[in-house]
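> Predicted model, plus sequence, below.
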Amino acid sequence: MTASIKAWQLFWLLAAVISIAICLGLPFADFHAFRGTEFIVLYSVFCALPLLLVAFTASSLVVLWPSRTARWVLVNRRYIGLAFAFAMVWHFVFVGYFMASFGNRVRWFDLTLDIVGACFLLAMTLTSFRTFSRHLSSSTWCRLHKTGIYTLWLLPTYFFLDDYLETLQPYWLALFAVFLAAGTLRFLAWKRRPVVLRSAA
């Protein structure tokens with residue numbers, strides 16, 4: 001059943017699921033209040049991050065636990081990544097509304113990191129299509145997407161750790177642990193690959 005859903009069918013299915021999930025959160029948001037708007041900003045990014053984790057660990061799962069499902073995930077990683085980008089569009093819309101309504105309350109360093117991440121996400125999304133990717137060599141495309149996926153993984157990992165150290169709330173620590181575990185999977189898979197293949201991991 002899962003294998004029959006692939007490519008753009010998978011993208012549109014994930015896009016629909018993300019949209020429904022975010023719409024279900026809208027009744028709990030108050031767009032006239034700081035906290036109420038902050039809720040939907042955070043909620044929308046939490047809806048997107050599972051897709052990032054799947055795309056980030058897809059190649060590692062094939063190396064560490066090879067199976068038909070793992071190979072299906074790897075083959076469809078492009079469309080999972082595009083669904084993540086789609087989900088982040090929702091997030092950026094809410095962020096834009098938040099900043100327009102309540103001003104920029106993000107520290108300049110954190111804002112700089114967010115902008116860097118957004119630029120990588122945009123570049124990776126555009127170069128997932130032949131119209132843009134044909135202007136890049138295969139090695140440049142690989143470096144862009146490898147650097148980009150690590151950057152997109154590192155940013156929430158850092159933010160979750162920073163939030164935990166600031167608030168000492170255990171759920172931030174749990175989220176940090178999940179992303180740290182994903183990074184550990186990438187490292188373990190990289191170590192298991194033959195040396196000649198590690199640069200492409």
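Now that the structure is in, tell me what you want to look at. Residues are numbered from 1 along each chain as shown.
> All the helices of the protein, residue numbers only.
All helices of the chain, identified by DSSP state H, fall at 7-25, 34-64, 68-75, 77-102, 108-126, 130-133, 138-167, 170-192.
> Dump the ones you listed to a markdown table, plus mean neighbour count and mean pLDDT.
Placement of C-beta: from N, CA and C, glycine included. Listed next are the helices of the chain as a markdown table, based on neighbours: other C-beta atoms under 10 Å; pLDDT from 0 to 100:
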| stretch | mean neighbour count | mean pLDDT |
| --- | --- | --- |
| helix 7-25 | 15 | 97 |
| helix 34-64 | 19 | 95 |
| helix 68-75 | 16 | 94 |
| helix 77-102 | 18 | 96 |
| helix 108-126 | 15 | 94 |
| helix 130-133 | 11 | 93 |
| helix 138-167 | 16 | 96 |
| helix 170-192 | 15 | 94 |
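> nearest residue to the spatially most central residue of the chain other than its sequence neighbours?
Most central residue of the chain, judged by C-alpha distance to the mean C-alpha position with C-alpha atoms, centre = their mean, is residue 52 at 3.0 Å. Counting by C-beta to C-beta, 6 or more residues apart in numbering, the nearest residue to residue 52 once its immediate chain neighbours are dropped is residue 84, at 5.1 Å.
> picking up where we left off before, ok, the residue nearest to the centre of the chain to residue 165 distance?
Separation of residue 52 from residue 165 (C-beta to C-beta, to the nearest Å) stands at 22 Å.
> got it, and residue 172?
For residue 172, the distance to residue 165 equals 9 Å [C-beta to C-beta].
> try residue 16
Distance check for residue 16 against residue 165: by C-beta to C-beta, it reads 37 Å.
> if we can go back for a sec, is it correct that the residue nearest to the centre of the chain is in contact with residue 151?
No: between residue 52 and residue 151 there is no contact, the gap being 11.0 Å when judged by C-beta atoms under 8 Å.
> Now for the residue nearest to residue 52: which residues touch it?
Contacts for residue 84 were tallied using C-beta atoms under 8 Å, 6 or more residues apart in numbering; they are 48, 51, 52, 55.
> what's the answer for residue 34, then?
With C-beta under 8 Å, 6+ apart as the criterion, the residues that contact residue 34 are residue 102.
> Residue 83 too?
Applying C-beta under 8 Å, 6+ apart, the residues near residue 83 are 10, 11, 14, 15, 18, 51.
> want to throw the residues you listed into TSV with distance to residue 101?
Formatted as TSV, the entries for these read as follows, by distance: C-beta to C-beta, whole Å:
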residue	distance to residue 101
10	35
11	31
14	29
15	26
18	23
51	27
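> From those residues, pick the one nearest residue 78.
Comparing the contacts of residue 83 against residue 78 with C-beta to C-beta places residue 11 closest, at 8.7 Å.
> Thanks a lot, see you next time.
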